[in-house]
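A.B. asks: Need coordinates for the following:
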Amino acid sequence: MARVRTTRNPLVAAAIALTAVAAVAAGWGGWSRYDAAHDDSAAYAQARDDALAAGEQAVQNMNTLDHAKLDQGLDSWEDSTTGDLHKQLVDGRDGFAEQIEAAGTVSTAEVLSGAVTELDERAGKAGVMVALRVTVTAPKGKPAVKESRMLGQLTRTSEGWKLSALGQAPVGNTAG
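C.D. replies: Below you'll find the predicted structure:
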């Protein structure tokens, strides 16, 4: 019987081992990526982020108005809303315009922070709380700066998330 002589090269063995490890790592990485892409929590997080971005922008729009660009500002209000809130703005547009023109004010809002307080993707409803810094400048006098927190209800429409209700958030201890 002839004996076959085998030479064991440590570099060849190391290369085979590294190739096997790389193949396992690539397979695991591919599976992890697929799993993450099809994970419901990723879709929920994206919906939450979309609602927050739309809510912050809509609340900012509703607190920004320049008497010199009145139609543009009121259009922005209407574009940011839906439902009863939208109807109130459309129905009261002439009155709002008269008040702002008479006052001659410019208000600008800056979002300080925001959070989604609730999200029901199936129903297309969300709630947001947005902290704002609003600066109101009258024709004469110094600008008045006020920080406030607003609570908004959002409804998902064919055009995206829009405000369906907006109000001031309670501040301080409300317990009696």
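A.B. asks: Output the contacting helices and strands for the helix or strand containing residue 23.
C.D. replies: Residue 23 is located in helix 10-37, with elements delineated by DSSP states H and E. If contacts are counted by 3 or more Cβ pairs under 8 Å, 6 or more residues apart in numbering; DSSP states H and E, helix 10-37 sits against no helix or strand. Just so you know, the C-beta spots here come from the backbone N, C-alpha and C atoms, and that holds for glycine as well.
A.B. asks: Quick check: what element follows it along the chain?
C.D. replies: helix 40-62.
A.B. asks: Now the helix or strand following that next one: average pLDDT?
C.D. replies: Per DSSP H and E, the first helix or strand lying C-terminal to helix 40-62 is strand 65-66. Mean pLDDT, strand 65-66: 94.
A.B. asks: I'd like to know which elements strand 65-66 is packed against.
C.D. replies: For strand 65-66, the packing partners by 3+ Cβ pairs under 8 Å, 6+ apart are helix 70-79, strand 106-120.
A.B. asks: Neighbouring strands - and their directions - for the last one?
C.D. replies: Listed by DSSP bridges, the sheet partners of strand 106-120 and their directions read strand 65-66 (antiparallel), strand 125-137 (antiparallel).
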